[in-house]
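> Sequence below, structure please.
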Amino acid sequence: GDLAPHNTIAAFRAAAGHAGVTSVEFDVRRSVDGHLVVTHGPEIGPYVEKATLAELRCRDLGGGERVPLLAEVVDECLRGGLLMNVELKGGEGLQNVCDTIKLLRDRDYHENHSEMQESQNETQESQNET
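Have a look, this model is predicted:
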């Protein structure tokens, strides 16, 4: 929604504080220097794979908000009790899936593990087809 600049920590915090919001959806991409960040498109989009984390963090997404790391978003969602629909984007599919699952496991977030496992299997199958 439009509670705060899209895909920012402020947006996830606002979603957690909004009555009736129980889950959020976001895209994860990997910066050129290997950091998993949350972005959806209009605010930065595919540019992520061509930029370093420092370059991404220079961009003001509105209200002084910057591109967040996946770990920051996961922590905010866990604090707010939000379920997460994580969509992995970019060219490093299997590595992004593995790193995302590891992060969620490290944070003891298991509720959507089966969906993450399905995503990993789909990524492996699609990589085997090419």
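
> Residue 76: what's it in contact with?
Neighbour list for residue 76: 9, 12, 13, 16 [criterion: CB atoms under 8 Å, 6 or more residues apart in numbering]. Heads up, the C-betas are built off the backbone N, CA and C, glycines and all.

> biggest strand in this structure by residues?
Secondary structure of the chain read by DSSP state E shows that its longest strand is strand 23-30.

> which residues touch whichever helix or strand comes after that strand?
Toward the C-terminus, strand 23-30 is succeeded by strand 36-38 as the next helix or strand (DSSP states H and E). Here strand 36-38 makes contact (CB under 8 Å, 6+ apart) with 7, 26-31, 48, 53, 56, 67-73, 96, 99-100, 103.

> just the buried members of the residues you listed?
Buried residues within the contacts of strand 36-38, counting neighbours by 16 or more other CB atoms under 10 Å: 7, 26-31, 48, 53, 56, 67-70, 72-73, 96, 99-100, 103.

> about what we covered before: of the contacts of residue 76, closest to residue 77?
For the contacts of residue 76, the closest approach to residue 77 (CB to CB) belongs to residue 12, at 5.9 Å.

> what's the burial count for the closest one?
Using other CB atoms under 10 Å, residue 12 is surrounded by 27 other residues.

> what sits against residue 90?
With CB under 8 Å, 6+ apart, residue 90 has these contacts: 29, 30, 48, 49, 96.

> Export these to CSV and append columns for pLDDT and distance to residue 108.
Output for the contacts of residue 90, formatted as CSV (pLDDT from 0 to 100; distance: CB to CB, whole Å):
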residue, pLDDT, distance to residue 108
29, 90, 24
30, 91, 23
48, 80, 27
49, 83, 30
96, 87, 21
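
> In CSV: the residues you listed, plus distance to residue 40.
Shown next, in CSV, are those (distance: CB to CB, whole Å):
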residue, distance to residue 40
29, 9
30, 15
48, 10
49, 14
96, 15
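
> Understood, closing this out.
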